[in-house]
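> My questions are about this predicted structure, shown below with the sequence.
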Amino acid sequence: ATKLKPTLLPAQPEDYFHLKLINLMFMSFLHKCSSIQYYLLGDFMDKMYLKKFILSYNDICKLLNEFCNNPKYEHRLKKEPTLCYSSFGYPLNSYNIGTGTKHVVILSNTHGCEIVTSLFVLEFILTIILSDNLYYYFSKKYTFHFIPLLNPEGFIISSSQVYFNLKNLNNYEIEEISQKYLNAYNLDDKVALKNVKKEKLYKNILKTSCNLIDNTSMIKCVNNILINCNLDSRILPVWSANGLGYDPNSNSLHKFCEMKFLRSKWKCSKLRYNDIPVTIPSPMSYPGSKPLDNCCPENVFLYKYLTNLYFNLPKCNSKLIAIFSYHSTGGEIYGYPDKCISSKDNIKLHNLAMDTYSNETGYIKIDEELKYGVMDYYRAYFENVVSLTIELSKLNGNPIGPFSNLNEIFNEFCSNKKAILKTIESISKI
């Protein structure tokens, strides 16, 4: 957007009336410009604030704490009380920005290996904090709640392997090894589509070891899971589950029995993961024995957190209006509520949100036949709360495939930042 500056006029007494009139007209024009178009067209939305993106678990925690505690940033980011911990003692942290009555939840890293999602949420947080115009406009209307690391154990297991291999590389070298990984990953998919189980090429790109995990208790548990699944440490980069081998997205309240039956028919996961069991604790897709299983505290935490916002917001007229859950990869949007449960108004609201988000990002809207993921529950039962699952990155290949083209993933980050803000503005008008 063009940055407008008021014309400087002489302040002689005879010009006072004209000066006052012109200033009033200018302020009125600025007020009209105080719309989402003004803020989203500014160059601050096309800027990347996250300068480093090969980050460890400790790096992310340190960065978030710095922004919470540094008075330089006016304490714009606030850490919420920690009420839940993972099985191995990691805090399930949440944060917020703003004081508005319309509440928005943005969460990432349901699956450990989807490390690009946590980077995106960090980028969104930094954009709001470091852009005064954005902050002052949106923080008055909205309260943003963030869960950057829903599955810290899975993140640690996967990212420890990535960090060891990529931490000392420059951008060109990161793209090079990530492209090599992506090529192998895609070739493995082509083989798997022929219903062939063959040694996976992607497993041989990164150096891996359980000893890179900085938690001796979790190392022991992960080793046992690998033995029981007839796998080795080369699977660690794609680890999606928590440290006990329970998948937070599979341990869903919605149609749990149907989903568990489906897993029993599968035996193993799909495509390049067709050697990973899904009926016992494993690196991915094991749902557990019941919804909100105690071995999946991440999902228990998410349920309590979201239901508390939905039912118990303290302020008069405060309302939870949207939940954005980030996964990777695919460049897809999942947001169609279960028609057997949802009202027509709820379905209409989700259609508007998906259209808005898709128009900004170019992501494809997916109406999957089987709706049994964690977010499907909230889509169906949280009336008139938009609940979208976004598959970040049009490139394939968790955890590092998206890094094979850094410009592309940076551009996607920018379009997704705009998409969030445009979506909440569009649904707020209803």
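Perfect, thanks for sending it. All values derive from a computational prediction rather than experimental measurement.
> in the protein, which spans are helices?
If DSSP state H is used as the criterion, the helices of the chain fall at 16-33, 36-40, 57-69, 115-130, 132-141, 152-166, 171-192, 216-228, 256-266, 297-312, 344-361, 374-381, 406-428.
> Which residues belonging to the lengthiest strand in the chain are considered buried?
Identified as the longest strand of the chain according to DSSP state E is strand 319-328. For strand 319-328, burial by neighbour count (16 or more other CB atoms under 10 Å) applies to 320, 321, 322, 323, 324, 325, 326, 327, 328. Using the backbone N, CA and C atoms, a C-beta is placed for each residue, glycine as well.
> for stretch 152-172, same thing?
152-163, 165-166.
> The closest residue to residue 264 other than its chain neighbours: neighbour count?
Spatially, and ignoring its direct neighbours in sequence, residue 264 is nearest to residue 279 (5.9 Å; CB to CB, 6 or more residues apart in numbering). Residue 279 has 15 neighbours, counted by other CB atoms under 10 Å.
> so how far is residue 291 from residue 279?
Distance of residue 279 to residue 291, computed by CB to CB, to the nearest Å: 17 Å.
> got it, and residue 362?
As judged by CB to CB, residue 362 and residue 291 stand 35 Å apart.
> List the residues that contact the closest residue in space to residue 329 that isn't next to it in sequence.
Once flanking residues are discounted, residue 329 sits nearest to residue 393: 4.3 Å by CB to CB, 6+ apart. Taking CB atoms under 8 Å, 6 or more residues apart in numbering, we find residue 393 in contact with 116, 328, 329, 330, 331, 401, 402, 409, 412.
> Residue 362 and residue 291: which is more packed in?
Counted by other CB under 10 Å, residue 362 and residue 291 do not tie: residue 291 has more neighbours, with 21 against 11.
> just checking, that one touches residue 250?
No. If you go by CB atoms under 8 Å, residue 291 and residue 250 don't touch, sitting 10.4 Å apart.
> Take the contacts of residue 393 and, keeping just the buried ones, write it as a PyMOL select command.
The following PyMOL line selects those of those that are buried, judged by 16+ other CB under 10 Å:
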select buried, resi 116+328+329+330+331+401+402+409+412
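> which residues does residue 410 contact?
Residues near residue 410 by CB under 8 Å, 6+ apart: residue 48.
> Against residue 50, how distant is it?
9 Å.
> Turn the buried residues of strand 319-328 into CSV, including pLDDT and distance to residue 273.
Compiled in CSV, those are given as follows (pLDDT from 0 to 100; distance: CB to CB, whole Å):
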residue, pLDDT, distance to residue 273
320, 97, 34
321, 97, 35
322, 98, 31
323, 98, 27
324, 98, 26
325, 98, 21
326, 98, 20
327, 97, 15
328, 96, 15
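> With distance to residue 285 added, can I get those residues in TSV?
Shown next, in TSV, are those (distance: CB to CB, whole Å):
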residue	distance to residue 285
320	29
321	31
322	27
323	22
324	23
325	17
326	19
327	13
328	16
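> which residues sit against stretch 335-343?
With contacts defined as CB under 8 Å, 6+ apart, stretch 335-343 is touched by 254, 346-347, 350, 353-354, 357, 365-368, 371, 376, 379-381, 383, 386-389.
> what's the span of stretch 206-226, first residue to last?
In stretch 206-226, first residue to last residue: 17 Å (CA to CA, to the nearest Å).
> hmm, who's touching it?
Under the criterion CB under 8 Å, 6+ apart, residues 88, 153, 156-157, 160-165, 177, 181, 232-237, 239, 243-245, 281-283, 400 lie in contact with stretch 206-226.
> Give the buried residues for it.
Within stretch 206-226, the residues scored as buried using 16+ other CB under 10 Å are 206, 208, 210, 212, 213, 215, 218, 219, 221, 222, 225, 226.
> closest to residue 56 among these?
Ranked by distance to residue 56 (CB to CB), these are led by residue 212 at 10.3 Å.
> Which parts of stretch 285-300 count as buried, going by neighbours?
The neighbour-count check on stretch 285-300 (16+ other CB under 10 Å) flags 285-288, 291-293, 295-300 as buried.
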